[in-house]
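After the sequence you'll find the predicted model.
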Amino acid sequence: MRAAVIRDFYRDLSIETVNNPICPENGVVLEVAACGVCRSDFHGWVGEHPKVTPGSILGHEYCGTVVAAGPQAKHKPGDRLIAPFILACGACPHCATGVSNACENAIVPGFGTPGAYAEYIAIPFDHNLVHLPETMTPALAAGLGCRVTTAWHALTDRANLRAGEWVAVHGTAVITDFTC
Ligand SMILES: [Zn+2]
Ligand SMILES: [Zn+2]
């Protein structure tokens, strides 16, 4: 398959032919329909993330169609799915108490395992994925797995925002020299 691979930090991703992913016993292989570009990808791309090294394939907010399913997979070939960026095990104490974002065995594609800047991605723990509605475009759906859920949690839980209230969003900008 083709994939966008980091060969050198701060440089263009290298479009290469790499091995197709092997289907996990407890998961699926998705044909990627769309993948978002996240700020976390930037940190990996510039070499600031310890799990991103030359040879890595980024991409952790994505959706696609199942093309292979392992014997313990929840989903089947042909299913159109959206993925969260954290693939939680579903069995550890954190998962058992509803905080799967703190899963002890979590896998985050792009950070230690190949991500979705590729034609296909292997996904263990596919119980984390949900069906992609026919009414939603893949490009829109891809953002649900990271940026939307992050903002949703910040607004509804951390800020406890209620209907009718106003909120001010403050952002910071990082000035980076792209001329190197
Ligand atoms: Zn992200
Ligand atoms: Zn877990």
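Thanks, I have the structure now. Ligands and ions are numbered 1, 2, ... in the order given.

Name the residues of this structure found near ligand 2, please.
By Cβ under 5 Å from the ion, the residues of the chain that approach ligand 2 are 88, 89, 92, 95, 103. Just so you know, the C-beta spots here come from the backbone N, C-alpha and C atoms, and that holds for glycine as well.

and which of those is nearest to residue 146?
residue 88 (14.2 Å; Cβ to Cβ).

Need the pLDDT of that closest one.
We have a pLDDT of 98 for residue 88.

can you check the one 5 residues further on too?
The per-residue pLDDT reported for residue 93 equals 97.

Closest one of the residues of the chain next to ligand 2 to ligand 1?
Taking Cβ to the ion as the measure, ligand 1 lies nearest residue 88 of these, at 15.5 Å.

Show me how far stretch 151-169 is from its chain's centre.
The chain centroid and the centroid of stretch 151-169 are separated by 24 Å under Cα atoms, centre = their mean, to the nearest Å.

rewinding a little: rebuild the residues of the chain next to ligand 2 as CSV, extending it with neighbour count, distance to ligand 1 and secondary structure.
As requested, the residues of the chain next to ligand 2 are exported to CSV (neighbours: other Cβ atoms under 10 Å; distance: Cβ to the ion, whole Å; DSSP: H, G, I helix; E, B strand; the rest coil):
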residue, neighbour count, distance to ligand 1, secondary structure
88, 21, 16, coil
89, 18, 20, coil
92, 16, 22, coil
95, 19, 20, helix
103, 20, 16, coil
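
Closest one to residue 38 out of these, please.
Distance to residue 38 across those (Cβ to Cβ) is lowest for residue 88, with 18.3 Å.

Kindly provide the distance from the residue positioned nearest the centre of the chain to ligand 2.
Centrality entry for the chain: nearest residue to the mean C-alpha point is residue 60, 1.9 Å, by Cα atoms, centre = their mean. Distance of residue 60 to ligand 2, computed by Cβ to the ion, to the nearest Å: 17 Å.

now that residue: how far from residue 68?
20 Å (Cβ to Cβ, to the nearest Å).

for residue 85, same thing?
22 Å.

Spit out the contact partners of the residue lying closest to residue 103 once chain neighbours are set aside.
Spatial nearest neighbour of residue 103, excluding adjacent residues (Cβ to Cβ, 6 or more residues apart in numbering): residue 88 at 3.7 Å. The neighbourhood of residue 88, defined by Cβ atoms under 8 Å, 6 or more residues apart in numbering, consists of 94, 95, 100, 101, 103, 105, 106, 125, 128.
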